[in-house]
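Student: attaching a predicted model along with its sequence, questions to come.
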Amino acid sequence: QVQLVESGGGLVQPGGSLTLSCAVSGIDFSIALMRWYRQAPGKQRELVAHISRDGSTYWPDSVKGRFTSSRDIAKNTVYLQMNSLKPEDTAVYYCFAYSPGTFVDYWGQGTQVTVSS
């Protein structure tokens with residue numbers, strides 16, 4: 001059974017930082033393509049991070065320079081480090097994995113991030 005379990009969401013003040021974690025099980029994490037998405041109320045889900053299996057990354061302009069990501073192969077976990085958070089970063093953040101071994105997409109359940117004073 002494949003599972004993506006996010007954690008680390010919460011309430012943070014503008015300008016603060018938060019780190020999200022996504023623990024992956026059931027697929028070969030070392031070759032999986034990983035992404036983070038977010039969805040704010042009334043808005044479409046948007047990509048906020050793309051992490052290829054070779055470590056290359058893509059960041060949309062909305063988060064470039066503020067968000068970083070890393071993956072710990074030994075822990076089958078990918079992290080999203082979010083700095084200089086803004087109220088417009090408020091959303092449910094979802095972890096996504098694509099397994100080239102199964103050609104299937106997988107999603108986590110989401111974790112709420114609220115940026116507010």
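Tutor: That came through, no problem.
Student: what residues of stretch 88-108 count as buried?
Tutor: Within stretch 88-108, the residues scored as buried using 16 or more other C-beta atoms under 10 Å are 89-99, 106, 108. Quick note: C-beta positions are derived from backbone N, CA and C, even for glycine.
Student: contacts for the one helix or strand residue 36 maps to?
Tutor: For residue 36, the host element (DSSP states H and E) is strand 33-39. For strand 33-39, the external contacting residues (C-beta atoms under 8 Å, 6 or more residues apart in numbering) are 20, 22, 24, 45-53, 69, 71, 78, 80, 89, 91-98, 100, 110, 113.
Student: quick one: mean pLDDT over it.
Tutor: Taken as a whole, strand 33-39 has a mean pLDDT of 96.
Student: hmm, who's touching the helix or strand following that strand?
Tutor: Next in sequence after strand 33-39, counting helices and strands by DSSP H and E, comes strand 46-51. Here strand 46-51 makes contact (C-beta under 8 Å, 6+ apart) with 33-39, 57-60, 62-63, 67, 69, 71, 78, 80, 93.
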